[in-house]
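1. pasted the sequence and its predicted model underneath.
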Amino acid sequence: MEATFLLTLLITFLASFIGYELISKIPQTLHTPLMSGSNAISGITLIAAILIYPEVGESQILKIIVLIAIAFATLNIVGGFSVTGRILEMFKKND
Amino acid sequence: MIEIILLVSSVLFIFALKLFGRPSTAHRANTFAMLAMALAVFSAFNFDFSKYDSAFYITIVISGLLGVLISKRVQMTQMPELVGLFNGFGGGASGAIAYVELSGNSLPLSDVFVAIFSMVIGVFTFSGSLVAVMKLRGKLSNFNKKLADIFSVFLPTIIVIPAVLEMDDLLIEFIILVALIAGIIRVAVIGGADMPVVIAFLNSLSGIAAMSAGFIVNSIILIVAGALVGASGIILTLLMCAAMNRTLLDVLKGGFGGTAINNEYEKDPISTSPEDVAIQLSYAESVVIVPGYGMAVAQAQAAVKELTNTLKDKNIEVKFAIHPVAGRMPGHMNVLLAEVDIDYEDMFTLEDINSEFSSTDVVIVLGANDVVNPLARTDEDSPIYGMPILDVDLAKQVIVIKRSMSPGYAGIANPLFINDNAKMLFADAKEGLENIIKSFELV
């Protein structure tokens, strides 16, 4: 259990580090699509909602709250990627 | 099997960020990220789709369709609002999940703390983002800072109320209430032009909320993706702060700008006409256009493109100088220019173009103000002193297209407007450019 937690922390650290290194190199021109793209990725919390949905049990209120979380996260992911695609398409035309 | 899918998904996310580094490959980055997301979401089902009822699937389909619909309809000038809105949804989702985990299961103590953290950050991101959206739409003026500060001090004490009333089971709800109000107040005191920092910061928070949700449900992919978003948001936040020579704390304290501190001028500016500008431009060899928020407000991108074409047809070199905090979100101006097919090779950052101004014939300042204010270099008492600016005052001639002499966000006079080499064209950005273009046909 201890080792798993440390491993998870290590992964967190490495992911943050890689993220920092790669994102620092992204030019100013692409900062808006970067924001909307990373924004879409933050909707990945949908996974947590999917994982806990079958386990909420009897409570209708909790079930509705998870459904709201699912709606929010899905909107975030789908809308976010779709709009990022639209923005990047405009940069592609310039090639 | 699930592990392999997740491994591929993580690698795809990181590879997507790598591809994001160049405008020519960035559209592929989006495809990679979408694929990574699809794999990650698919893996969460663990090949057992029967565990989920129809309410679940209907919610996913409807909100997905709604997401597509919104994203197709929104205009490019409204991009900051949209990013803010989606951001709030992401944070709200993480907050809601943390709440359900806290009230449903008996979590181990360490997870309780992580869950409370995730819930507070998520809820704060949710309410803060919604206020930011309203601010960007101009629906909300600055909240009284003093009142907000006093309120902020007392805010945390709200969570003792359930203890006093002997309703301990409401503690979580009260924490949510505090986070909700804190998000509203914190963003409400920050002025509109500081929104690039706020949006980037909230973006980072939504990643951190997702990451901590990953710790509660033990999902590595959630942690990795959340950390990537958190890192991206922090980088942009710090870049924006550096571009204003202010600290994040200073921006979040709020109360900056919005009121005129000093808008006195020693002399009257020289006013010019569209005809004169057209003549001036036709004698130039190099022109640099400096777009600001005024261009977005006036929806003047198409007119900018038309003027650029007119000038290029006359073999005049046209470049764009874009300050990092121009507009209402990082890269806002670049997107608006890309929308009208202006080549990203012609868009220059502050570092790349500042040395060129002294050899530029004509600079057109289009709806920008504080980012070209030379006081940032010369006046130590100025609130913008030390902020990196575009040194347009060093150019041979400057034309400022602006509706009036009113100050920018910092609330101070801009001596550029009365510089000997500067002329004012008093007009709305779009209308001003269109009149210049019309005049060209007569030159």
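-> Alright, I've got the coordinates. Everything numeric in this text was worked out from a predicted model, so none of it was measured.
2. how about the worst-scoring helix or strand of chain A on mean pLDDT: buried residues?
-> Using mean pLDDT, DSSP states H and E, helix A:2-24 stands out as the lowest-scoring helix or strand of chain A, at a mean of 86. Neighbour-count burial for helix A:2-24 flags A:8, A:11-12, A:15-16, A:18-20, A:22-23 (criterion: 16 or more other C-beta atoms under 10 Å in any protein chain shown). Where you see a C-beta, it was placed from the backbone N, CA and C, and this is true even at glycine.
3. just checking, what packs against the lengthiest helix in chain A?
-> If you go by DSSP state H, chain A has its longest helix at helix A:60-92. Under the contact definition 3 or more C-beta pairs under 8 Å, 6 or more residues apart in numbering or on different chains; DSSP states H and E, helix A:60-92 sits against helix A:31-42, helix A:46-52, helix B:26-44, helix B:54-73, helix B:79-104, helix B:332-339.
4. now render the buried residues of helix A:2-24 as TSV, adding distance to residue B:301.
-> Shown next, in TSV, are the buried residues of helix A:2-24 (distance: C-beta to C-beta, whole Å):
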residue	distance to residue B:301
A:8	46
A:11	43
A:12	41
A:15	37
A:16	36
A:18	35
A:19	32
A:20	33
A:22	30
A:23	27
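5. out of those residues, which touch chain B?
-> A:8, A:11-12, A:15-16, A:18-20, A:22-23 (C-beta under 8 Å from any C-beta of the partner chain).
6. and the angle from the longest helix of chain A to helix A:31-42?
-> 150 degrees (axes from the mean of the first three to the mean of the last three C-alpha atoms, to 10 degrees).
7. quick check: which ranges of chain B have low pLDDT?
-> Along chain B, the parts satisfying pLDDT under 70 run over B:105, B:142, B:167-168, B:258-260, B:443.
8. the one helix or strand residue B:290 maps to to helix B:332-339, inter-axis angle?
-> In this structure, residue B:290 sits in strand B:286-291 according to DSSP states H and E. With the same axes, to 10 degrees defining the directions, strand B:286-291 sits at 120 degrees from helix B:332-339.
9. helices and strands around strand B:286-291, which ones?
-> When contacts are defined as 3+ C-beta pairs under 8 Å, 6+ apart, strand B:286-291 sits against helix B:301-313, strand B:317-322, helix B:332-339, strand B:362-366.
10. tell me who's in contact with the most centrally placed residue in chain B.
-> Centrality entry for chain B: nearest residue to the mean C-alpha point is residue B:329, 2.0 Å, by C-alpha atoms, centre = their mean. Residues near residue B:329 by C-beta atoms under 8 Å, 6 or more residues apart in numbering or on different chains: A:31-32, A:35, B:79-80, B:83, B:195-196, B:199-200.
11. rebuild the residues you listed as TSV, extending it with distance to residue B:106.
-> Formatted as TSV, the contacts of residue B:329 follow (distance: C-beta to C-beta, whole Å):
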residue	distance to residue B:106
A:31	44
A:32	44
A:35	38
B:79	44
B:80	42
B:83	38
B:195	41
B:196	43
B:199	38
B:200	37
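12. wait, which of the helices and strands packed on strand B:286-291 is closest to residue B:122?
-> Among these, helix B:332-339 comes nearest to residue B:122, with 25.9 Å by C-beta to C-beta.
13. give me the contact list for whichever helix or strand comes after the closest one.
-> Per DSSP H and E, helix B:332-339 leads on to strand B:347-349 as the next helix or strand towards the C-terminus. Residues from elsewhere that reach strand B:347-349 (C-beta under 8 Å, 6+ apart): A:27-29, B:319-322, B:324, B:333-334, B:337.
14. following strand B:347-349, which helix or strand shows up next?
-> helix B:350-353.
15. and that following helix, which residues are buried?
-> B:350, B:353.
16. what about it, near chain A?
-> No. Helix B:350-353 is not in contact with chain A by C-beta under 8 Å from any C-beta; minimum separation 8.8 Å.
17. which other helices and strands contact that helix?
-> Contact analysis of helix B:350-353 by 3+ C-beta pairs under 8 Å, 6+ apart lists strand B:317-322 as its packing neighbours.
18. now the strand it packs on, how far from the centre of its chain.
-> Between the centre of strand B:317-322 and the centre of its chain there are 22 Å (C-alpha atoms, centre = their mean, to the nearest Å).
19. is any part of it close to chain A?
-> Yes. Residues of strand B:317-322 are located near chain A by C-beta under 8 Å from any C-beta, namely residue B:322.
20. how many residues are close by residue 78?
-> Using chain A here. 25 (other C-beta atoms under 10 Å in any protein chain shown).
21. meant chain B, my bad for not saying
-> Residues near residue B:78, counting by other C-beta under 10 Å, number 16.
22. give the contact list for it.
-> Under the criterion of C-beta under 8 Å, 6+ apart, residue B:78 has no neighbours.
23. now the longest helix of chain A: buried residues?
-> Buried residues in helix A:60-92, counted by 16+ other C-beta under 10 Å: A:62-63, A:65-88, A:90-91.
24. quick one, phi/psi of the residue lying closest to residue B:371 once chain neighbours are set aside?
-> Using C-beta to C-beta, 6 or more residues apart in numbering or on different chains and skipping the chain neighbours, the partner closest in space to residue B:371 is residue B:323 (3.9 Å). When read as degrees, to the nearest 10, the backbone of residue B:323 gives phi -70, psi 140.
25. quick one: contacts for residue B:323?
-> By C-beta under 8 Å, 6+ apart, the neighbours of residue B:323 are B:243, B:290, B:292, B:350, B:368, B:371-372, B:389-390.
26. chain A contacts on the stretch 301-443 of chain B?
-> B:322, B:324, B:329-332, B:334-335, B:338-339, B:341-345, B:347, B:349.
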